[in-house]
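Student: only geometry, no sequence info:
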């Protein structure tokens, strides 16, 4: 899930950091600026946390430094820091000083169901736990991308208020406005209770194999007066929706378009489960869940599953790769095949992963993907249901070490389709293009010769709205971006909407153009590009991922966005499947405002 034009931020699809939080062990009590050492200060309101010059594991405030890794939760990450009998030692070279905190890390997800992590923190003695008079945290760092957190006692599931920072190969000093810190969204949303502060923390998260050195120096808390008065950096303009694109026809005579409308419309994804980890039990996602989906008004189920997690053995036999698959994979697929049939839902098997375990430059690796799909097709070759679909590979950039070109992906898809056709000549196969199932990439291609292909795109426009508050998208601090664009709710200051110097230029460009693109008309015109291509070529098309992340968005805005999206899908006759799970898994309830937005009541 990503906007077509954007670089991917590792995770994708949405809520990849669900519980990817990590927490420090219990401890006894004890900067946005130029890349230079902070100027010395005599301001008594500045709270010097640590300059590390004494080399020990105690801060200047009397708190204790500590570190932790993900191994207690199933990960295999390591964090190496010098230690003494009393705790960590500070032996890194400082910024124009003798010492800094330095640690070497290597990330390994192991059996974690979420990205691996390591962390460093310092406890706050009781006399320093009320930080309400401070406006910023300032420190210098060098090394990997990381998250800095103010850990407060009212937070659950370690979903602390935080800010994400990019890597830096040289010392960089940052002054970070605490008002921009936001929760990641995997725990309950709570106020930023600075009066209940208990620790300052730094956490490195990433992917298996990520490694490096992380250093910090000169940690201090600054008074609110240190932030100064910002200069205006956005414009508040009247809304300027674009003129509507005219479509001469919506008709697609291909019989699979009718099948898609019947079976793949009003679809639902099970997210943050089998695409992230190997099967270890159904939990909430059993037959009762499938029944609840049907009762809620959904008509199709897309099951994202990382197929290669079940490869037990891969070997070369003459000129082809043969794989041995763990029986768990077919237990899962057979159960969902049976459950969806029993409750009247279509079933899409979606090869979906985030771990970049495939290698487009390795013939053996790509052959494994082909062999896996041949195994699945062989397993289901006697299955005669018309509403079983195969989706080749979700958003290829998430699966490969290097994102494939359109030509590379076309060749691999062609080989995979041919392998499936050895056992099933007519099974509908779902194909999405490179650049995260991008519309522009899809409409630039000529459809495959195989007549039983349904073409897919994903849709998350406007990206700064649908992904506000999403750490994995580099938008973790953004909030309250309205939909549709409203001059009354816009601001002259990027900071008011949570944009910082760490946002990518394309994100700021989207904010500056939001008065033109943050509206129903712009959404329709974008969808019309995909629909027009499908009509021109007479091929079926669907959108099987769309949605808005709710961590920092207002509920009334997400309801308006979903209302417009569903209406546009209906108008343009594009079947849809929602990504973010809007139904409570245990109760089967969908909030009334979402029932209306998704027009679910009409389908019951």
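Tutor: Arrived safely. Quick caveat: nothing in here was measured; it's all calculated off a predicted structure.
Student: quick one: average pLDDT of the helix or strand harbouring residue 172?
Tutor: Under the criterion of DSSP states H and E, residue 172 resides in strand 168-177. Across strand 168-177, the average pLDDT comes to 96.
Student: Give the buried residues for it.
Tutor: Across strand 168-177, burial judged by 16 or more other CB atoms under 10 Å covers 168, 171-177. No exception for glycine: its C-beta is placed from N, CA and C like everyone else's.
Student: Give me the distance from it to the chain's centre.
Tutor: 25 Å (CA atoms, centre = their mean, to the nearest Å).
Student: again, but for stretch 577-585
Tutor: 15 Å.
Student: Same check on stretch 510-526?
Tutor: Using CA atoms, centre = their mean, the offset of stretch 510-526 from its chain centre is 22 Å.
Student: try stretch 335-351
Tutor: Stretch 335-351 sits 25 Å away from the centroid of its parent chain (CA atoms, centre = their mean).
Student: do stretch 456-470 as well
Tutor: In terms of CA atoms, centre = their mean, the centre of stretch 456-470 is found 10 Å from the chain centre.
Student: Now that stretch: average pLDDT?
Tutor: Averaged across stretch 456-470, pLDDT comes to 97.
Student: cool, and stretch 332-352?
Tutor: 98.
Student: Where does the record place the domain boundaries for the chain?
Tutor: Domains of the chain are assigned by automatic domain parsing as 47-227, 255-381+395-420+439-603.
Student: Just put those domains in a markdown table and tack on distance to residue 432.
Tutor: Formatted as a markdown table, the domains of the chain follow (distance: least, CB to CB, whole Å):
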| stretch | distance to residue 432 |
| --- | --- |
| domain 47-227 | 22 |
| domain 255-381+395-420+439-603 | 4 |
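Student: just checking, what packs against the strand holding residue 172?
Tutor: strand 134-143, strand 211-223 (3 or more CB pairs under 8 Å, 6 or more residues apart in numbering; DSSP states H and E).
Student: what's the angle from the last one to strand 168-177?
Tutor: What it means is strand 211-223. 30 degrees (axes from the mean of the first three to the mean of the last three CA atoms, to 10 degrees).
Student: What pairs with strand 211-223, parallel or antiparallel?
Tutor: Sheet partners assigned to strand 211-223 using DSSP bridges are listed as strand 47-50 (antiparallel), strand 99-106 (antiparallel), strand 134-143 (antiparallel).
Student: So which of those strands is nearest residue 326?
Tutor: strand 99-106 (27.6 Å; CB to CB).
Student: could you check the angle strand 211-223 makes with whichever helix or strand comes after that closest one?
Tutor: The C-terminal neighbour of strand 99-106 among helices and strands, as given by DSSP H and E, is strand 117-123. Relative orientation of strand 117-123 versus strand 211-223 (the same axes, to 10 degrees): 30 degrees.
Student: Average pLDDT for strand 117-123, rounded please.
Tutor: 97.
Student: try stretch 498-518
Tutor: On average, stretch 498-518 scores 96.
Student: so how far is that stretch off the chain centroid?
Tutor: Here stretch 498-518 is found 18 Å from its chain centre; the criterion is CA atoms, centre = their mean.
Student: Same question for stretch 376-390.
Tutor: Using CA atoms, centre = their mean, the offset of stretch 376-390 from its chain centre is 30 Å.
Student: Contact partners for residue 244?
Tutor: For residue 244, the contacting residues are 521, 524-525, by CB atoms under 8 Å, 6 or more residues apart in numbering.
Student: okay, the residues you listed in CSV with secondary structure and pLDDT next?
Tutor: Compiled in CSV, the contacts of residue 244 are given as follows (DSSP: H, G, I helix; E, B strand; the rest coil; pLDDT from 0 to 100):
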residue, secondary structure, pLDDT
521, helix, 98
524, helix, 98
525, helix, 98
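Student: export those to CSV and tack on distance to residue 272 and neighbour count?
Tutor: CSV is the format used below for the contacts of residue 244 (distance: CB to CB, whole Å; neighbours: other CB atoms under 10 Å):
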residue, distance to residue 272, neighbour count
521, 33, 19
524, 30, 21
525, 32, 16
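Student: Closest one of these to residue 338?
Tutor: Residue 338 lies nearest to residue 524 out of the contacts of residue 244, by CB to CB, at 39.3 Å.
Student: for the residue lying closest to that closest one once chain neighbours are set aside, helix, strand, or coil?
Tutor: Nearest non-adjacent residue to residue 524, counting by CB to CB, 6 or more residues apart in numbering: residue 568, 5.3 Å away. Three-state assignment for residue 568 (DSSP: H, G, I helix; E, B strand; the rest coil): helix.
Student: Near residue 568, how many other residues are there?
Tutor: 21 (other CB atoms under 10 Å).
Student: what does residue 444 give?
Tutor: Neighbour tally, residue 444, other CB under 10 Å: 11.
Student: And for the one 10 residues further on?
Tutor: Applying other CB under 10 Å, we find 26 other residues in the vicinity of residue 454.
Student: Helix or strand for it, just tell me which one.
Tutor: Per DSSP H and E: strand 453-459 holds residue 454.
Student: For residue 530, see how far away the residue nearest to residue 524 is.
Tutor: 11 Å (CB to CB, to the nearest Å).
Student: shared neighbours, the two?
Tutor: residue 574.
Student: Residue 150: what secondary structure?
Tutor: With three-state DSSP as the criterion, residue 150 reads strand.
Student: what's the closest of the helices and strands packed on strand 168-177 to residue 318?
Tutor: Of all those, strand 211-223 comes closest under CB to CB, at 38.2 Å.
Student: chain center to the closest one, what's the gap?
Tutor: Strand 211-223 has its C-alpha centroid displaced from the chain centroid by 26 Å (CA atoms, centre = their mean).
Student: which of the residues in it are buried?
Tutor: Within strand 211-223, the residues scored as buried using 16+ other CB under 10 Å are 212, 214-222.
Student: Dump those residues to CSV, plus pLDDT.
Tutor: Converted to CSV, the buried residues of strand 211-223 look like this (pLDDT from 0 to 100):
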residue, pLDDT
212, 95
214, 95
215, 97
216, 97
217, 98
218, 98
219, 98
220, 97
221, 97
222, 97
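Student: so residue 574 touches residue 544, yeah?
Tutor: No - using CB atoms under 8 Å, residue 574 is not in contact with residue 544; the gap is 10.3 Å.
Student: of those two, who's got more company?
Tutor: Higher neighbour count among residue 574 and residue 544: residue 544, with 28 against 24, using other CB under 10 Å.
Student: how would you label the more buried one: helix, strand or coil?
Tutor: Secondary structure state of residue 544, per three-state DSSP, is strand.
Student: State the number of residues packed around residue 231.
Tutor: 7.
Student: That one and residue 109, how far apart?
Tutor: Plainly put, residue 231 is 43 Å away from residue 109 if you go by CB to CB.
Student: before we move on, what about residue 431?
Tutor: Taking CB to CB, one finds residue 431 at 29 Å from residue 109.
Student: Identify each buried residue in stretch 409-422, please.
Tutor: Applying 16+ other CB under 10 Å to stretch 409-422 flags 409-410, 412-413, 416-417, 419-421 as buried.
Student: Can you give the distance from that stretch to the centre of its chain?
Tutor: Its chain's C-alpha centre and that of stretch 409-422 lie 28 Å apart, by CA atoms, centre = their mean.
Student: One more: stretch 576-594?
Tutor: Using CA atoms, centre = their mean, the offset of stretch 576-594 from its chain centre is 19 Å.
Student: Flag every buried residue along it.
Tutor: With burial defined by 16+ other CB under 10 Å, the residues of stretch 576-594 counted as buried are 576-583, 585, 590, 594.
Student: Now tabulate the buried residues of strand 168-177 in a markdown table and tack on distance to residue 152.
Tutor: Below are those laid out as a markdown table (distance: CB to CB, whole Å):
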| residue | distance to residue 152 |
| --- | --- |
| 168 | 27 |
| 171 | 29 |
| 172 | 26 |
| 173 | 25 |
| 174 | 21 |
| 175 | 21 |
| 176 | 16 |
| 177 | 17 |
